[in-house]
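K.L.:
Just to be clear, the model below is a prediction. Sequence and coordinates:
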Amino acid sequence: MCDLTPEEMREYRGTLTEPGRNSPWRDRSVEENLDLFRRMREGEFPNGSRTLRAKINMASPNMNMRDPAIYRILHAHHHRQGDDWCIYPLYDFAHPLQDALEGVTHSLCSIEFENHRPLYNWVVNMVGIEKKPRQFEFARLNITHTVMSKRYLRELVETKRVDGWDDPRMPTLSALRRRGYTPSSIIEFVKRAGVAKAYSVVDIRLLEYCIREELNANATRRMAVLDPIKVTITNYPEGKTETFPIPNNPLNPETGSREVAFSGELYIEREDFAEVPPPKYQRLRLDGEVRLMGAYIIRCNEIIKDEHGIVTELKCTADLETGNQKPVDGRKVKGTIHWVSVPHALDAKACLYENLFTLENVNDLPEGASYLDYLNPESLTTMENCKLEAAMADAKVGERFQFVRMGYFCMDSKNAGTFNRIVKLKDSFKVE
């Protein structure tokens, strides 16, 4: 039992080049130590007045071995024990004891605990556990455009800059699950990232690559229009409805197809029409043709705008002999776009996520800057007026879909009718 104040203990500890000095109370008898420890446990002494220290070696080159404190006094309310305890073990003492008592074989720690390993081994050896755990250290997994520090993540949650620990922009497991990442994709990412001793930062696009590769092979395809423009097919019989077979996953023929309803009123994606198209534009334009996925070729004949000049509707005609077939006259139509029938559409919301931070390496901040300065104001875009094909009525939480040409999505676990974009369809990121 040591009576040195925290300031005196630091002074007695020495430096990296000078050994420490023994505490004046280092040679107290076992009986006196036990008596003082019992009284300390019973709350007789104020905070900081005494500590229990391990008697090791004040001249050790490893400063963690210079008679480290292993119990301290703290008169504070505990969330489980209430006010029953006023002494608490320090981490370097509690950690190896807990591992030993619980039968841990490999205790995996981040690299900053490497110098603490001799103390870990000392505690394990002193308690006489037959099957001793071993501590292994490795560099923490850092990922671009995010933070992994629990302190920073907690600040984001408590200041409500994110929607809780499971906000799909966060790097927590609960957030990745809510966003739609699978356990297998996360495991594949960890395997590819590897284990290292040296500090490094892994590109977040590797994580996206792993889930994209998995979902490309097995995600069910569905048509969804996130930012709709109405298309009226003027030569389609009024009130008529037909269906077209659309594959559930072209890469996996065993998944079959479903019948998608088609009518004379459709929704298409706003970005699939251009009033003034850029060069090499292959989607819909005035007096231009485009293929509706799995259905007819249509031509845009008229543009309707509101009082603000925003396009609200397109009047088109369909080549009714091209239902999922090539034109009989042999003309080539390069562009293909997806669509949803107006009378059969389901209303939904979509959350589109980008990187949480604009800075690539958030651990390498410019002098005087805060990590909060680089929060991405466009990390979340909510689309309120999305239209989904009727087959999505059976979608369940946990199911993952490719919204064709738009990305991979899953239903949000907290908000029914809202779909989170897991990842975009393509990226230029290369994996060696």
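P.N.:
Cool, the structure landed.
K.L.:
okay, CA-based contacts and neighbour counts for the rest of this
P.N.:
Noted.
K.L.:
Contact partners for Ala224?
P.N.:
Ala224 makes contact with His338, Trp339, Val340, Cys386, Lys387, Leu388, Glu389, Phe403, Val404, Met406 under the criterion C-alpha atoms under 8 Å, 6 or more residues apart in numbering.
K.L.:
quick one: which of those has the most company?
P.N.:
Highest neighbour count within the contacts of Ala224: Val340, with 28 neighbours (other C-alpha atoms under 10 Å).
K.L.:
So that residue is in contact with Leu266, correct?
P.N.:
Yes: using C-alpha atoms under 8 Å, Val340 is in contact with Leu266, at 5.5 Å.
K.L.:
residue ranges for the strands of the stretch 51-200 of the chain, please.
P.N.:
51-53, 69-73, 87-89, 106-110, 134-138, 142-143 (DSSP state E, counting those that start in this stretch).
K.L.:
Next, Ile298: secondary structure please.
P.N.:
Following DSSP: H, G, I helix; E, B strand; the rest coil, the label given to Ile298 is strand.
K.L.:
For the closest residue in space to it that isn't next to it in sequence, the count of nearby residues, please.
P.N.:
Spatial nearest neighbour of Ile298, chain neighbours left out: Ala318 (4.2 Å); criterion: C-alpha to C-alpha, 6 or more residues apart in numbering. Number of residues near Ala318 (other C-alpha under 10 Å) recorded here: 23.
K.L.:
Ala318 and Cys300: what is the separation?
P.N.:
Going from Ala318 to Cys300 by C-alpha to C-alpha, to the nearest Å gives 9 Å.
K.L.:
got it, and His145?
P.N.:
Taken as C-alpha to C-alpha, the span from His145 to Cys300 is 42 Å.
K.L.:
thinking again about what came up before, can you tell me which of the contacts of Ala224 are in strands?
P.N.:
Val340, Cys386, Lys387, Leu388, Phe403 (DSSP state E).
K.L.:
Dump those residues to a markdown table, plus distance to Glu137.
P.N.:
Output for those, formatted as a markdown table (distance: C-alpha to C-alpha, whole Å):
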| residue | distance to Glu137 |
| --- | --- |
| Val340 | 53 |
| Cys386 | 48 |
| Lys387 | 50 |
| Leu388 | 49 |
| Phe403 | 42 |
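K.L.:
SS state for the residue nearest to Ile298?
P.N.:
strand.
K.L.:
that older thread, looking at the strands of the stretch 51-200 of the chain, spot the one closest to Arg13.
P.N.:
Among these, strand 69-73 comes nearest to Arg13, with 11.3 Å by C-alpha to C-alpha.
K.L.:
contacting residues around that closest one?
P.N.:
40, 45-54, 86-93.
K.L.:
Just give me the longest helix of the chain.
P.N.:
helix 204-218 (DSSP state H).
K.L.:
and that helix, what does it pack onto?
P.N.:
Counting contacts by 3 or more C-alpha pairs under 8 Å, 6 or more residues apart in numbering; DSSP states H and E, helix 204-218 packs against helix 183-193, strand 400-403, strand 418-423.
K.L.:
to the chain's geometric centre, what's the distance from the shortest one?
P.N.:
Using C-alpha atoms, centre = their mean, to the nearest Å, the distance from the centre of strand 400-403 to the centre of the chain it belongs to is 18 Å.
K.L.:
got it, and stretch 26-36?
P.N.:
On C-alpha atoms, centre = their mean, the centre of stretch 26-36 falls 52 Å from the chain's centre.
K.L.:
Might you report the residue contacts of the residue nearest to Ile298?
P.N.:
By C-alpha under 8 Å, 6+ apart, Ala318 lies in contact with Ile233, Asn235, Tyr236, Tyr296, Ile297, Ile298, Arg299.
K.L.:
residues in contact with the second one?
P.N.:
Okay, so that is Asn235. Thr317, Ala318.
K.L.:
where does it fall, helix, sheet strand or coil?
P.N.:
Using three-state DSSP as the criterion, the local structure at Asn235 reads coil.
K.L.:
What number of residues are in the vicinity of the residue lying closest to Pro228 once chain neighbours are set aside?
P.N.:
Once flanking residues are discounted, Pro228 sits nearest to Glu269: 5.0 Å by C-alpha to C-alpha, 6+ apart. Number of residues near Glu269 (other C-alpha under 10 Å) recorded here: 20.
K.L.:
my guess is Glu269 meets Arg283, correct?
P.N.:
No: here Glu269 lies out of contact with Arg283, judged by C-alpha under 8 Å, at a distance of 10.5 Å.
K.L.:
hang on, the earlier thing: from Tyr236, how far out is the residue nearest to Ile298?
P.N.:
To Tyr236, Ala318 is 7 Å away according to C-alpha to C-alpha.
K.L.:
try Leu284
P.N.:
With distances taken as C-alpha to C-alpha, Leu284 is found 18 Å from Tyr236.
K.L.:
Looking only at neighbour counts, state which of the two leads.
P.N.:
Neighbours around Leu284 and Tyr236, counted as other C-alpha under 10 Å, are more numerous at Leu284. The numbers are 25 against 17.
K.L.:
partner residues bridging that one?
P.N.:
Going by DSSP bridges, Leu284 is paired in beta bridges with Phe273.
K.L.:
so what's Phe419 up against?
P.N.:
Phe419 neighbours (C-alpha under 8 Å, 6+ apart): Ala348, Lys349, Ala350, Cys351, Phe409, Cys410, Met411, Asp412.
K.L.:
In strands, which of those residues fall?
P.N.:
Short answer: the contacts of Phe419 in strands (DSSP E) are Ala348, Lys349, Ala350, Cys351, Phe409, Cys410, Met411.
K.L.:
Report the mean per-residue pLDDT for stretch 381-393.
P.N.:
In this model, stretch 381-393 carries a mean pLDDT of 97.
K.L.:
what's that stretch in contact with?
P.N.:
Contacts for stretch 381-393 (C-alpha under 8 Å, 6+ apart): 222-228, 260, 267, 340-341, 344-353.
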